[in-house]
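Enquirer: generate a structure from the sequence data that follows.
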Amino acid sequence: MMKKAIFIISGPSGSGKTTLIKHVLHTFPDEIGISISCTTRPQRIHELDGIDYHFIPQERFITLIKNDEFLEYTECYGNRYGTLKSSVNNLLQNKRICIMDVEYSGAGKILSQQFAPTITKIGILILPPSISALKNRLLNRKSETITSLNRRVTESFDIGKIARYDHILINDQINRSKNEICQIVKGCFFSASS
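Expert: Residues are numbered from 1 along each chain as shown. Okay, the predicted model is just below:
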């Protein structure tokens, strides 16, 4: 039986994570799908429900927790985020690889779980080349307060969190990073083919 894989991808805002995930999905459209997370945070103007996130009210999120429907969930910056088990299972029925864009604590929960022997878990952490580069990227977005900026930067370079991942990709040149993440994915194709 051909093995399946789950890629748990994390990285701070401003790391280039979204750009790299989109590149992987575009490069391997038949083999890879992305699990859309649920969140209680407000929908932003440019976001689409069911594409960027499943935007749900707090009450619904709590019901999903009580019904044990999340693979992982967490609270981050006052909002809740979670990955539905059904979303991951549906993707793995139709694709070889499921990508999850998950923050640090959610990634830790998934990476520590046991899955069926036919499923490989691979954690990828995407980081900017330096703390100053991260600060500049976040400042350019004009969406951070000084307090939130400092909190994000401190959490992003916590060595205890970084140690959980199988691969750490320093995104200092986007084209090189696109090539590197695609090589990691291709390596999974070969190792998961038995």
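Enquirer: which parts of this protein are helices?
Expert: Ranges of helices in the chain, per DSSP state H, are 17-27, 58-66, 85-94, 104-111, 131-141, 146-156, 159-162, 174-191.
Enquirer: just the pLDDT for Leu111.
Expert: For Leu111, the pLDDT comes out at 89.
Enquirer: my guess is it contacts Phe7. True?
Expert: No. Contact criterion Cβ atoms under 8 Å: Leu111 and Phe7 do not qualify, at 11.1 Å. For the C-beta atoms, the positions are set from N, CA and C on the backbone; glycine is no exception.
Enquirer: quick one: neighbours of Lys3, just the number.
Expert: Here the count is done by other Cβ atoms under 10 Å, and Lys3 has 17 residues near it.
Enquirer: what's the answer for Leu20, then?
Expert: Neighbour count for Leu20, taken as other Cβ under 10 Å: 22.
Enquirer: picking that back up, which residues do Leu111 and Phe7 both contact?
Expert: Gly123 (Cβ atoms under 8 Å, 6 or more residues apart in numbering).
Enquirer: so for these two, which residue has more residues nearby?
Expert: More crowded of Leu111 and Phe7, by other Cβ under 10 Å: Phe7, with 26 against 18.
Enquirer: give me the beta-bridge partners of that one?
Expert: Ile99, Ile122 (DSSP bridges).
Enquirer: now do it against Gly187, distance only.
Expert: 11 Å (Cβ to Cβ, to the nearest Å).
Enquirer: hmm, Gly82 is touching Thr63, no?
Expert: No. Gly82 lies out of contact with Thr63 (Cβ under 8 Å); the separation is 11.7 Å.
Enquirer: so for these two, which sits in the more crowded spot?
Expert: Set Gly82 next to Thr63 and count neighbours by other Cβ under 10 Å: Gly82 wins out with 24 against 12.
Enquirer: nearest residue to the more buried one in space, ignoring adjacent ones along the chain?
Expert: Tyr73 (3.3 Å; Cβ to Cβ, 6 or more residues apart in numbering).
Enquirer: OK, contacts around the one you found?
Expert: 61, 64-65, 80-83, 106.
Enquirer: what ranges of this structure fall below the confidence cut-off?
Expert: The model of the chain has pLDDT under 70 over residues 1-2, 130-163, 189-194.
Enquirer: so for it, the centremost residue is which one?
Expert: The centroid of the chain falls nearest to Asp101 when counting by Cα atoms, centre = their mean (1.5 Å).
Enquirer: if we can go back for a sec, for Arg176, state which of the contacts of Tyr73 is nearest.
Expert: Gly106 (27.3 Å; Cβ to Cβ).
Enquirer: so for that closest one, what's the nearest residue that isn't a sequence neighbour?
Expert: Glu72 (4.2 Å).
Enquirer: Thr27 versus Tyr73, what's the distance?
Expert: 30 Å.
Enquirer: before we move on, the earlier item: most neighbours out of the contacts of Tyr73, which is it?
Expert: Thr83 (26 neighbours).
Enquirer: neighbours of the closest residue in space to Ile126 that isn't next to it in sequence, how many?
Expert: Leaving aside its sequence neighbours, Ile126 sits nearest to Gly11 (Cβ to Cβ, 6+ apart; 3.5 Å). Using other Cβ under 10 Å, Gly11 has 26 neighbouring residues.
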